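Participant: Fold the following for me, if possible:
(2 chains)
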Amino acid sequence: MKQLTMRQAGMMLSYSMISVKFLVFPALLARFSGRDSYIVVTICFGLDLFFIGLILLTLYKFPNKTLKDIMTETYGTVVTRICFFVIFLYMFIKAILVIKEAHTYFLDAMFRDISIIMFILPFIAISLYIASKSLKTVGRVIEFVFVIVFLGILVTVIIPIKEMDLFSILPVLENGVAPIGMGIGKVAFSFGDQIVLMLIIGKIKYKKEKPKNFFFYALITSLLVICLNILFISLFESMAISQQLAASDIPLNSTAPITIGRLDWITIILWVLTLIIQSGVFMFFAVESFAESTSVPKNISLIIVSFTAMIVLFIVALNLAKIIEIMLTPAFVYSAIVVQVILPIMLFIATLIIMLRKKKRGKDCEKIKENI
Amino acid sequence: MKRLKRIFSNKVFYVFLIFIVAFFPSAIYLGAEIGSTAVGVMIGIDKVEEGVEVSILELIPEKSGKNIKLSAVKEEDFSEAIEKLSFELGKKVGLAHCQAVVLGDEIMYENIVFILDYFMRANNLSSNALIINSETTARELFEAIEESSQDIALTLQDRVAFDNKYLFSAEMNLETFFKDYLSDSNSLLMPIVSIEDSESSSSSGGGGSDSEDSGSSSSSSSGESSTKKKLRCEGRAAIVKKGIKVREPSKEELDGYNYLGKNVEEGNIHISNVTDENFTNGDLDFQIFNKDVSKKVKFDGENPYCEIKVDFVLKLSKASSETYNTQSLDSTKQYVTPEVKQKIEEEVGGCISLVLSEIKANNTDTLYIARDFNRFQHSKWKKYLSNLENEDEYLQGIDFRVSLEIEGKL
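Facilitator: Numbering: from 1, shown residues only, chains lettered A, B, ... in the order given. Here you go, the predicted structure:
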């Protein structure tokens, strides 16, 4: 069933691309790549855009086929289910990361101390409520808040712009290319938002003349994130690694809000809204993927995923440092790269195979017609 | 009735209800945060015999009475002192609203990085809290604030943000301190705040007198005049290198910093004994209407040099002359004659030269020369440094080429 307009799909992709990149990501990247962080972001977005292009090819050729249809047709049910389970894990971890980052954001920007239980329970409840809705509803919510959220991000970027020293990013590649490679490897998990696009293909009211809309949204978002990264490095320079969450540290660091009013509160409110919806969107896809991989009905999947999320958050991931530590382990890094690279390539190959089969079938039909 | 039915059949309503039921009891019995947290608006650190003295100006949000309370403790170690302070106050020391960290003058001659490092890691101090050097001790400064205009503790950041337009070194927060400390230049200017006694008259016998309210430190004669302590942030600064205070620049040197500061947009230039077509032996004040500073670092072969260009647009703001003729009141004239230009060049150039000679003599790179060379001439700069016997003395080999451009404004 077609549930999303092209506009909503583009916004959803854009929203996912922002996701974890405005919080702990800039400081984490600064740890590995220093002032060359923006180069890492540019390269990673370049790769993401390339894979988005590959997925758009599938969308262009088979606008009515979903990921499940294409994968099952080419690789069979078992492989498809494994792929969906991998996607479930991927989306689930991203959702958990966003929820935990939101908790840290609350601590950083608003409260001295906030009970994890008091925070997680309502947050998960809202995320799962979003997850329980249809893709159409999620798409509409994103469409509704998109402009507000983007304005929030713009304000976050604009407030301290006067205090930034753009030349802080110089000298370029002071320590060679090794830190760039290290950065790409370590923060790969924060990218790979093409997976979201993979999950919504076949559910979009696709108009063939407008595929560039997706690129437009992806490109604008990429540029915004690159700008934020440059701003972050320019503002904090060598202190970038000591920051926690860019979205709160950037406005809080600036002395401008003191003299022009509490503009930082506007960004805080908008960021809370952004984080709630982001975690909801990731939860939505996690539940959907879980349902697809296990054939468990969506309602039961929802309960299973919600319990797992609570167990993970309460027992395993009580602090952000621990989550980041796990994210930086080689096993996690390689798994993330495999998911982000292998799955789009698998989809691309499946598309080619179906196209070839179709072509062959066409030729066979022609031969039969000729014979008749 | 229908509407009620619709509400009761809505799942969201029940989710909302669960939250209300779950959080209502805990929220209703929650004590006021102010009861468990002391809202510190300024924190001060002094060196004492016992080790360090930590003072805090606590904000007490009450309608009447004193809103600011000073508490202080002495301990061997800084973090122990903070802990002891919490015990003394009976509350946790909350620094989220802290406007400034004030360092007493004596402690400035020790490595203050280890103290400020605590605030960086503690994560409960806002990163834009100002770092200030008190001319005397931080405690004395706080006593003055407590006694006199209490709201200074709350408006200090606004004042400094405003002053920053006029004074080169005024804005130094925790973040900028560490940025400068960790930069290639590792020298910085930190604002000095001092206390001054000012006489204030009060009506004798009248209720609610000024002296009572401000808590005067001494009264010369009962009910007539009192000495009020006033806080002064007038552009004085301390030069800090590698976290240790090195010295305090002179007034002329600070003027030089003001002329060289890119952020310093406003100010005055005073010249005297000007004799030209308009004035005879005139004392003139020019307002800096516009200023543009550009700094370029280059290499001449293997020799580094720094080109500093300062463009001034000046407007005559005050004039006193032996002969006051109508010519000097002509509003269509801009008064920057060759004679005036020469005098201003002498005045401004002298101050700038003083800054440059002092930074060379003391190896205190407060103009971020090393940082700029590293950014824009990276490989040549590395080579230059490797050829030096003592890398710390890199300023000695740098040639400064200063040019001034002075224009008048109608």
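
Participant: Please make it C-alpha for all contacts and neighbour counts, starting now.
Facilitator: Fine.

Participant: helices and strands of chain A: which one has the lowest mean pLDDT?
Facilitator: The least trusted helix or strand in chain A, going by mean pLDDT, DSSP states H and E, turns out to be helix A:256-260, with a mean of 47.

Participant: and the helix or strand just after that one, how far from the chain's centre?
Facilitator: Downstream of helix A:256-260, the next assigned helix or strand under DSSP states H and E is helix A:263-294. Centroid displacement of helix A:263-294 relative to its chain, using C-alpha atoms, centre = their mean, to the nearest Å, is 10 Å.

Participant: can you check stretch A:170-178 too?
Facilitator: 28 Å.

Participant: Would you mark the buried spots in it?
Facilitator: A:170, A:171, A:173 (16 or more other C-alpha atoms under 10 Å in any protein chain shown).

Participant: How about the first one: what's its closest non-neighbour residue?
Facilitator: Setting aside the residues directly before and after it, residue A:170 is nearest to residue B:375 in space (C-alpha to C-alpha, 6 or more residues apart in numbering or on different chains), at 4.9 Å.

Participant: right, and the one you found touches residue A:171 too?
Facilitator: Yes. In terms of C-alpha atoms under 8 Å, residue B:375 counts as a neighbour of residue A:171; the distance is 4.8 Å.

Participant: Tell me how far the residue nearest to residue A:170 lies from residue A:227.
Facilitator: 20 Å (C-alpha to C-alpha, to the nearest Å).

Participant: Mind jotting down where the strands sit in chain A?
Facilitator: A:4-5, A:204-205 (DSSP state E).

Participant: For the stretch 251-400 of chain B, which residues are neighbours of chain A?
Facilitator: B:374, B:375, B:376, B:378 (C-alpha under 8 Å from any C-alpha of the partner chain).

Participant: Now the phi/psi pair for the nearest residue to the last one once chain neighbours are set aside, please.
Facilitator: Okay, so that is residue B:378. Leaving aside its sequence neighbours, residue B:378 sits nearest to residue A:171 (C-alpha to C-alpha, 6+ apart; 6.5 Å). Main-chain dihedrals, residue A:171, degrees, to the nearest 10: phi -80, psi 150.

Participant: Tell me which residues touch residue A:171, please.
Facilitator: With contact set as C-alpha atoms under 8 Å, 6 or more residues apart in numbering or on different chains, residue A:171 has these partners: B:374, B:375, B:376, B:378.

Participant: Mind pulling up the pLDDT for the third one?
Facilitator: This points to residue B:376. pLDDT recorded at residue B:376 is 91.

Participant: thinking it is in contact with residue A:168, fair?
Facilitator: No. Counting by C-alpha under 8 Å, residue A:168 is not a contact partner of residue B:376; they are 10.4 Å apart.

Participant: more crowded one of the two?
Facilitator: Neighbours were counted for residue B:376 and for residue A:168 using other C-alpha atoms under 10 Å in any protein chain shown; residue A:168 has more, 20 against 17.

Participant: Kindly tell me how buried the residue nearest to the more buried one when sequence neighbours are not counted is, as a neighbour count.
Facilitator: Excluding its sequence neighbours, the residue lying closest to residue A:168 (C-alpha to C-alpha, 6+ apart) is residue A:234, at 5.1 Å. Look at residue A:234: counted by other C-alpha under 10 Å, it has 21 neighbours.

Participant: low pLDDT regions in the stretch 201-350 of chain A?
Facilitator: A:208-211, A:247-248, A:251-266, A:314-319 (pLDDT under 70).

Participant: what are the ranges of the helices in it?
Facilitator: Assigned by DSSP state H, counting those that start in this stretch, the helices in the stretch 201-350 of chain A fall at A:212-236, A:246-253, A:256-260, A:263-294, A:298-311, A:320-327, A:330-371.

Participant: The fourth one vs helix A:298-311, what angle?
Facilitator: When axes from the mean of the first three to the mean of the last three C-alpha atoms, to 10 degrees is applied, the directions of helix A:263-294 and helix A:298-311 differ by 120 degrees.

Participant: near chain B, anything from helix A:263-294?
Facilitator: No. Helix A:263-294 is not in contact with chain B by C-alpha under 8 Å from any C-alpha; minimum separation 13.0 Å.

Participant: which residues of the stretch 1-150 of chain B score low on pLDDT?
Facilitator: B:63-66, B:123-124, B:126-127, B:148-150.
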